[in-house]
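# Provided below are the primary sequence and the corresponding predicted coordinates.
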Amino acid sequence: MLLDLIQILLGHKSQFCCQILAKEWNHLYNESIRQTVAGICFEGVQKLPKEQCPPQKLLFQWLALTEQIKHQNNSVNMVLTELAQLLNEQQIKYAVVKGQIVGSYYPNPCLRQAGDIDFLVDEDDFERTKQLLEKEWHIAFHETEGHHHIEFEYKGIPLEQHRKLIKLYDKRKEDYWDALVKQSYDKQLINGVEVATLSPTIHSIYIFLHLYHHLLELGVGLRQFVDWTMILHTCQQKIEHEAIKQHLKVLGMERAYRACGAILVDKLGLPAEEFTYQLNDSDRKYAERILNVVEYRGNMGHYNLKGGSHGMWHNIEATCIKVAHFMKFMPLAPAFSCGWLTAELKRKISRKLK
């Protein structure tokens, strides 16, 4: 039902095929929260004929949550535009990815649930950007494991400053990807401010890579699939699908892209001609398995964890989940999966030795 409601939002359906009971509406509402799509689903609800709408009490509860999502979006956009203006003035080369950039492709951007702000900074400008933010915003940075990005908070909004966008566990592929990103900068207007980002072609690949990485680790929410759908649909005239095919071939991610893409076409209603490949039964074979992980694990794998959110038991459980996911989806991107398993093993051995 959640997928149907999103298709109604996107205009691929006009109503549910049957009447929805009150208890089913409660389940649908809770699932929309779990998958971080409550705001956009409420927009879908508003398009339903009156006789198919949820009970009034739930409708008001949903409306209140949607107002909170709008408020959070406004707060994130204010920080994002302040960041963009600061970096633009200093002529720093950067690119904001995912998040509010993808949100701008939605029918109603303020209803997409906002998260943190991720931005890539060119290595030559990385330390200068850090010093600038320390001076102008008076913030404290938190170095993360691997030193690929640093985290901080400003006006209550979490931000991540990245040196690299994704780990591919293969130097040749990472060098190829990094070089590709460096020549693919673009701009997007957010609240009237020019924000540097990636070209729609490369950004759409990155959204997939980020989604797939989280899918294999602890899990990923439905919102990430909707994000991917929205950039492919809204930017269809700008996206170069033949270039995407070429890049995915080099990265060894073609089959994974096709399998995840089956969800966009078959479940979210993306027109088949707007997807990069013509899908076949082999691509669709993994779609239900992927959806099972999405439905069970929820947004970034935060749900159905029995070992808590930190500590020894959490680490043991998280490792077991990751290995199970990587083994389950190994055929989709074998080199990537093997590279991750090797890197994870080396990291844990290194920790033990310390």
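Received, thanks. Numbers count the residues shown, from 1 in each chain.

# alpha carbons only for contacts and neighbour counts from here, please
Noted.

# what sits against the closest residue in space to Gly219 that isn't next to it in sequence?
Take Gly219 and drop its neighbours on the chain: the residue closest to it by C-alpha to C-alpha, 6 or more residues apart in numbering is Gly301, 4.0 Å away. Counting by C-alpha atoms under 8 Å, 6 or more residues apart in numbering, Gly301 touches 214, 218-221.

# switch the cut-off to 7 Å
Contacts for Gly301 (C-alpha atoms under 7 Å, 6 or more residues apart in numbering) come out as 218-220.

# same thing with Tyr286?
Per C-alpha under 7 Å, 6+ apart, neighbours of Tyr286: Ala259.

# mind giving me the domain ranges of the chain?
88-198, 200-354 (automatic domain parsing).

# Double-check that Phe119 belongs to a helix.
No - under DSSP: H, G, I helix; E, B strand; the rest coil, Phe119 sits outside any helix and is assigned strand.

# any idea how far it lies from Ser184?
From Phe119 across to Ser184, the span is 14 Å (C-alpha to C-alpha, to the nearest Å).

# okay, these two: which has more neighbours?
Using other C-alpha atoms under 10 Å, the more surrounded residue of Phe119 and Ser184 is Phe119, with 24 against 15.

# for the closest residue to the more buried one other than its chain neighbours, what are its contacts?
The spatial neighbour of Phe119 that comes closest, neighbours along the chain excluded (C-alpha to C-alpha, 6+ apart), is Val96 at 4.1 Å. Residues near Val96 by C-alpha under 7 Å, 6+ apart: 118-120, 196-197.

# any weak-confidence spans in the stretch 101-250 of the chain?
Within the stretch 101-250 of the chain, the segments meeting pLDDT under 70 span 143-147.

# cutoff 90 now
Applying pLDDT under 90 to the stretch 101-250 of the chain flags the ranges 107, 139-149, 167, 216-219.

# can you give me the helices for it?
123-137, 171-182, 200-216, 222-234, 241-251 (DSSP state H, counting those that start in this stretch).

# And the last one, what does it pack against?
So that's helix 241-251. Judged by 3 or more C-alpha pairs under 7 Å, 6 or more residues apart in numbering; DSSP states H and E, helix 241-251 has no packing partners among the helices and strands.

# hmm, try it at 10 Å
The contact analysis (3 or more C-alpha pairs under 10 Å, 6 or more residues apart in numbering; DSSP states H and E) places helix 241-251 against helix 171-182, helix 200-216, helix 254-266.

# Can you list the buried residues in the first one?
Buried residues in helix 171-182, counted by 16 or more other C-alpha atoms under 10 Å: 173-174, 177, 181.

# cool, stretch 131-140 as well?
Neighbour-count burial for stretch 131-140 flags Leu133 (criterion: 16+ other C-alpha under 10 Å).

# got the CA positions of that stretch in CSV?
Extracted in CSV, the C-alpha atoms of stretch 131-140 (Å, rounded to 0.1, in the frame of the first residue of the first chain):
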residue,chain,number,x,y,z
GLN,A,131,39.7,26.6,8.9
LEU,A,132,37.1,28.9,7.3
LEU,A,133,34.2,27.1,9.0
GLU,A,134,36.0,27.0,12.3
LYS,A,135,36.6,30.8,12.1
GLU,A,136,33.2,31.9,10.7
TRP,A,137,30.9,29.4,12.4
HIS,A,138,32.9,28.6,15.5
ILE,A,139,32.2,24.8,15.2
ALA,A,140,34.1,21.8,16.4
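
# and that stretch, how far out from the chain's middle?
Here the centre of stretch 131-140 is set off from its chain's centre by 27 Å, with C-alpha atoms, centre = their mean, to the nearest Å.

# Find the residue at the geometric middle of the chain.
Gln224 (3.9 Å; C-alpha atoms, centre = their mean).

# That one contacts Gly115, correct?
No - Gln224 is beyond contact range of Gly115, at 11.6 Å (criterion: C-alpha atoms under 10 Å).

# Need the residues touching each of the two.
36, 98-99 (C-alpha atoms under 10 Å, 6 or more residues apart in numbering).

# now, which of those lie within helices?
The helices, defined by DSSP state H, take in Gly99 from the shared contacts of Gln224 and Gly115.

# Of the shared contacts of Gln224 and Gly115, just say which sits nearest to Leu59.
Of all the shared contacts of Gln224 and Gly115, Leu59 sits closest to Thr36, with 17.3 Å by C-alpha to C-alpha.

# OK, contacts around Lys50?
Counting by C-alpha under 10 Å, 6+ apart, Lys50 has no contacts.

# Return the distance of it relative to Phe16.
For Lys50, the distance to Phe16 equals 12 Å [C-alpha to C-alpha].
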